[in-house]
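Participant: Output the structure for:
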Amino acid sequence: MSAPAVETTMPAQGTAEPARVPARPAALRPVCTTAPKPAVVVRPVPEAVGGTDLEARLAAANQRAAELEEQLAAAVAARDAAEHHAADLEDRNRELAGDLDNALDQLSGHALHAEQERLFHVPRWSPWTASADREGYDR
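Facilitator: So this is what the prediction gives:
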């Protein structure tokens, strides 16, 4: 029993063509937000060529195309509404961030003022402040 060849267990690298990146799926392609174009209506084939079957299939295809256009219009409207809502939320977020920054600035100012008063607090009364003031009396 011999060991299998290296090529069978580990294929050679670099010999195969590099994998191509597939094109973007249709669901991820940009969609035009303008109003959809009207459906293309194809004229039915005359009866001589078997028009009844083709006519029925054509009517069904036209109906399906109209339904898909309605769905597309609804999806575009929903996407536009979602983008508008997202923009409103971003604006509100910026406003709240600004309000928070202002509140934090005020709180840090109050904390700094409180710390300064704690460190450099002048007593309400002391014998030295009374003698320095004299209130009009000479001693």
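Participant: hey, where'd the helices end up in the protein?
Facilitator: Counting by DSSP state H, the chain has these helices, from start to end: 6-9, 51-119, 127-133.
Participant: Buried deepest among those helices, which one?
Facilitator: helix 51-119 (a mean of 11; mean count of other CB atoms under 10 Å). No exception for glycine: its C-beta is placed from N, CA and C like everyone else's.
Participant: circling back to that earlier point, could you redo the helices of the chain as CSV and give each row mean pLDDT?
Facilitator: Formatted as CSV, the helices of the chain follow (pLDDT from 0 to 100):
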stretch, mean pLDDT
helix 6-9, 58
helix 51-119, 94
helix 127-133, 58
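Participant: quick one: Ala73 from Glu55, how far?
Facilitator: 27 Å (CB to CB, to the nearest Å).
Participant: swap that for Asp88, please
Facilitator: 50 Å.
Participant: what's the answer for Ala75, then?
Facilitator: 30 Å.
Participant: Please apply the same query to Leu100.
Facilitator: Separation of Leu100 from Glu55 (CB to CB): 67 Å.
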